[in-house]
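Colleague: following is a predicted model, sequence given first.
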Amino acid sequence: MNRLSVELPGLHLKNPIMPASGCFGFGQEYGKMYDLSLLGAIMIKATTLEPRLGNPTPRVAETPSGMLNAIGLQNPGLAGVMENELPWLEQFDVPIIANVAGTETADYVEVAKVISTAPNVQALELNISCPNVKEGGITFGTDPLIAEELTAAVKAVSKVPVYVKLSPNVTDVKEIALAVERGGADGITMINTLLGMRLDEKTGKPIIANVTGGLSGPAVKPVALKMIYEVSQTVDIPIIGMGGIMNVQDVIDFLSAGASAVAVGTANFVNPFVCPTIIEELPGKLDELGVEHISELVGRSYRS
Amino acid sequence: MIIQESMLVQSQREIAHNIFEMKLQGKLVQEIQAPGQFIHIRVSEAFDMLLRRPISIASIDQENDEITIIYRAEGDGTRSLSKRNEGDRVDVLGPLGNGFPVEETNAGEVAYLIGGGIGVPPLYELSKQLTAKGVTCVHILGFQSENVVFYEEEFKALGETHIVTVDGTNGTEGFVTTVMQNLSEQFATYYSCGPQPMLKAVQEMYANKKGYLSFEERMGCGVGACFACVCQTTERAEANYIKVCSDGPVFPAGVIAI
């Protein structure tokens, strides 16, 4: 028996560990360092209809126990991803979750329609929560009605299950979670980054050229845990959790809070081998906790 | 191949005000292909200072599996690194990026090596390799002030060396271009590393010469996955951003829009 396997809509995961979108490119860089087939899945970088050049630099800044980024969804566009990135990933035995972004509903629909036909794309992650683009992104993720309609529009064309990535930059994340569930979402991924800024000590000016950036890393973990704890008790669809996961204990915490699988983001920059390391350490952790299968941990923070 | 390794600190010393020279030993030294490549160092085992720091390689000793890095202890991260002592271990990822093309200058030719501040270190290994193949190296090294000048004797041992300081406390007063104005343009290639305004001035002054510039940008991953350290190319075509960490940090003159 595989003690680490996870069954989710569209996804048969050999383990619950996957790199988070935007932190792993399209896999080629880390693919030179280890066998990507070890991973539960890969959430590739956001794909938009047309190529995007992203924001001006500096695009990153370190903060206490975290980092800010404002990359701005730089990517080669739908055609580039279909022609160059996804076929390259086919050499690995790993499901791909394609992150879909856009500036208007029609963009999302077109990207979802096409990218969901790629043989290795097993699910979509609908990016309605990128805080670093002026149009689209987070504007879709903060209004329940718009989030619901967009989810439904994408669901109508997608050949694979649709997960919606929620923003923590809202008053009540449960409201948005319920909205995307009503829109037909098969699952939820959360959380995206928190809006933040850092000032240069000498000049007093923002370091990030975009002024604000998305905060990630261990600093956001308590926020993510709290939101997953709330949302997992509110909706009936599964959650892939993320937000500052650095090690195997963090994974246990996210599952306990209610996530069924997790994505590792910023930690890849700190330790490029963090995902295979966590996967290797998980069985020992299950032994330590006296748990036979990893699914037994899901939601134990509130289960009686 | 890129390796992550716990490298052994062989020595650590302050060679100028807040400028540290650290020697590290480990297997990844065998993977280094060219001067100008860099390493990515984790400065803290804790999560408080999360991101790795990119630091250039000043000298390579493949026989003894040893590299020398020279860095400025300016922020919390590099200050923390400066506290490491002989016998400590440091988490290093590398070698990263593409370095200076030594093969672009032939034996018997002259190369100008122009560095500014903490951009000077990678030019030292470059000079050693060029000199070893019979290239005559002329070094033009700019610093803020006398108290942050380093490796003056080491560069002089390899060839003609011009020191320039902004306040005139060592060598010529001014910028590297002040010295360059009075030098002959009878050279084959120039190589430069330093702050962007300096790279821009050097590139403009030697617009008709073959040159290679090493760039710096804030990085996330260091391996090309995060798209943080992009810079714009002079070709205003589609997808005209390239990555400093994995496409560079060294680019032929004229490729990057400065």
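Modeller: That came through, no problem.
Colleague: neighbours of the residue in the stretch 51-200 of chain B that chain A sits nearest to, just the number please.
Modeller: As assessed by C-beta to the nearest C-beta, chain A sits closest to residue B:51 within the stretch 51-200 of chain B, at 4.8 Å. Bear in mind the C-beta positions are built from the backbone N, C-alpha and C, glycine included. With neighbours defined by other C-beta atoms under 10 Å in any protein chain shown, the count for residue B:51 comes to 25.
Colleague: so what sits opposite the residue nearest to it when sequence neighbours are not counted in the bridge?
Modeller: Using C-beta to C-beta, 6 or more residues apart in numbering or on different chains and skipping the chain neighbours, the partner closest in space to residue B:51 is residue A:62 (4.8 Å). Counting by DSSP bridges, residue A:62 forms beta bridges with residue A:67.
Colleague: surely residue A:62 and residue B:52 touch.
Modeller: No: if you go by C-beta atoms under 8 Å, residue A:62 and residue B:52 don't touch, sitting 10.0 Å apart.
Colleague: tell me if I am right that residue B:226 is in a strand.
Modeller: No: under DSSP: H, G, I helix; E, B strand; the rest coil, residue B:226 falls outside any strand and is assigned coil.
Colleague: residues contacting it?
Modeller: Residue B:226 makes contacts with A:22-23, A:25, A:60, A:69, A:71, A:269, B:219-220, as judged by C-beta atoms under 8 Å, 6 or more residues apart in numbering or on different chains.
Colleague: what do you get if the cut-off is 10 Å, keeping everything else the same?
Modeller: By C-beta atoms under 10 Å, 6 or more residues apart in numbering or on different chains, the residues touching residue B:226 are A:22-25, A:29, A:45, A:59-60, A:67, A:69, A:71, A:74, A:265-266, A:268-269, B:219-220, B:243, B:245.
Colleague: re the thing from before, the residue nearest to residue B:51 - how many residues pack around it?
Modeller: By the criterion of other C-beta under 10 Å, residue A:62 has 22 neighbours.
Colleague: now do the contacts for it.
Modeller: A:68, A:198, A:207, A:217, B:48-53, B:75-77, B:218, B:220.
Colleague: and with 8 Å instead?
Modeller: Residue A:62 neighbours (C-beta under 8 Å, 6+ apart): A:68, A:198, B:49-51, B:77.
Colleague: narrow those to those in strands?
Modeller: Among the contacts of residue A:62, the ones falling in strands (DSSP state E) are residue A:68.
Colleague: from the contacts of residue A:62, which ones fall inside helices?
Modeller: Mapping those onto helices (DSSP state H) picks out residue B:77.
Colleague: what's the local residue count around the closest residue to chain A within the stretch 101-250 of chain B?
Modeller: Per C-beta to the nearest C-beta, residue B:225 is where the stretch 101-250 of chain B lies closest to chain A, at 3.7 Å. Counted with other C-beta under 10 Å, residues neighbouring residue B:225 total 26.
Colleague: on that earlier part again, do you know the pLDDT at the residue of the stretch 51-200 of chain B closest to chain A?
Modeller: Confidence at residue B:51, expressed as pLDDT, is 96.
Colleague: likewise the one 4 residues further on?
Modeller: pLDDT recorded at residue B:55 is 97.
Colleague: so how far is the helix or strand hosting it off the chain centroid?
Modeller: In the assignment (DSSP states H and E), residue B:55 maps to strand B:53-61. Centroid separation for strand B:53-61 versus its chain: 7 Å, with C-alpha atoms, centre = their mean, to the nearest Å.
Colleague: dump it to CSV, keeping only the CA atoms.
Modeller: Extracted in CSV, the C-alpha atoms of strand B:53-61 (Å, rounded to 0.1, in the frame of the first residue of the first chain):
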residue,chain,number,x,y,z
ARG,B,53,22.7,35.5,-1.4
PRO,B,54,24.3,35.4,-4.8
ILE,B,55,28.1,36.0,-4.4
SER,B,56,30.7,35.9,-7.2
ILE,B,57,33.7,33.7,-7.2
ALA,B,58,37.0,35.6,-6.9
SER,B,59,39.4,32.7,-7.3
ILE,B,60,39.2,29.0,-8.2
ASP,B,61,41.7,26.3,-7.1
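Colleague: partner strands of it, parallel or antiparallel?
Modeller: Paired neighbours of strand B:53-61 in the sheet (DSSP bridges): strand B:38-42 (antiparallel), strand B:66-72 (antiparallel).
Colleague: report the buried residues of it.
Modeller: B:53-60 (16 or more other C-beta atoms under 10 Å in any protein chain shown).
Colleague: next: stretch A:74-88.
Modeller: A:74-78, A:80-82, A:85-86.
Colleague: counting neighbours, what do you get for residue A:223?
Modeller: Neighbour count for residue A:223, taken as other C-beta under 10 Å: 16.
Colleague: for residue B:8, same thing?
Modeller: Residue B:8 has 16 neighbours, counted by other C-beta under 10 Å.
Colleague: likewise for residue A:171?
Modeller: Residues within reach of residue A:171, counting by other C-beta under 10 Å, total 7.
Colleague: per-residue confidence at it?
Modeller: Taking residue A:171 on its own, its pLDDT is 93.
Colleague: low-scoring stretches of chain A, by residue?
Modeller: Applying pLDDT under 70 to chain A flags the ranges A:130-138.
Colleague: tell me the secondary structure at residue 147.
Modeller: Reading this off chain A. helix.
Colleague: relative to residue A:124, how far out is it?
Modeller: Separation of residue A:147 from residue A:124 (C-beta to C-beta, to the nearest Å): 15 Å.
Colleague: show the contacting residues for residue B:59.
Modeller: For residue B:59, the contact set (C-beta under 8 Å, 6+ apart) comprises B:67-68, B:124-125, B:128.
Colleague: most widely separated two among these?
Modeller: The distance between the two most remote of these (C-beta to C-beta) is 12.6 Å, for B:67 and B:128.
Colleague: and the residue of chain A that's closest to chain B?
Modeller: residue A:25 (3.7 Å).
Colleague: what segments of chain A are strands?
Modeller: Listed in chain order, the strands of chain A (DSSP E) span residues A:6-8, A:11-13, A:17-19, A:42-47, A:60-63, A:66-69, A:96-100, A:121-127, A:162-165, A:187-190, A:194-196, A:213-216, A:239-241, A:261-264.
Colleague: actually the stretch 101-250 of chain B, sorry about that
Modeller: According to DSSP state E, counting those that start in this stretch, the stretch 101-250 of chain B carries its strands in the segments B:110-116, B:136-143, B:160-165, B:172-173, B:189-193, B:210-214, B:230-232, B:241-243, B:250-252.
Colleague: distance to chain A added to the ones you listed, as a markdown table?
Modeller: Formatted as a markdown table, these follow (distance: least, C-beta to the nearest C-beta, whole Å):
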| stretch | distance to chain A |
| --- | --- |
| strand B:110-116 | 19 |
| strand B:136-143 | 19 |
| strand B:160-165 | 21 |
| strand B:172-173 | 24 |
| strand B:189-193 | 18 |
| strand B:210-214 | 16 |
| strand B:230-232 | 6 |
| strand B:241-243 | 5 |
| strand B:250-252 | 15 |
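Colleague: residue A:289 is nearest to which of these?
Modeller: strand B:241-243 (41.1 Å).
Colleague: adjacent strands (with direction) for that closest one?
Modeller: Sheet pairing for strand B:241-243, using DSSP bridges, gives strand B:230-232 (antiparallel).
Colleague: give me the more crowded residue out of residue B:67 and residue B:128.
Modeller: Neighbour count, other C-beta under 10 Å: between residue B:67 and residue B:128, residue B:67 has more, with 27 against 19.
Colleague: list the contacts of that one.
Modeller: Going by C-beta under 8 Å, 6+ apart, the list of residues near residue B:67 reads B:23-24, B:29, B:32, B:39, B:57-61.
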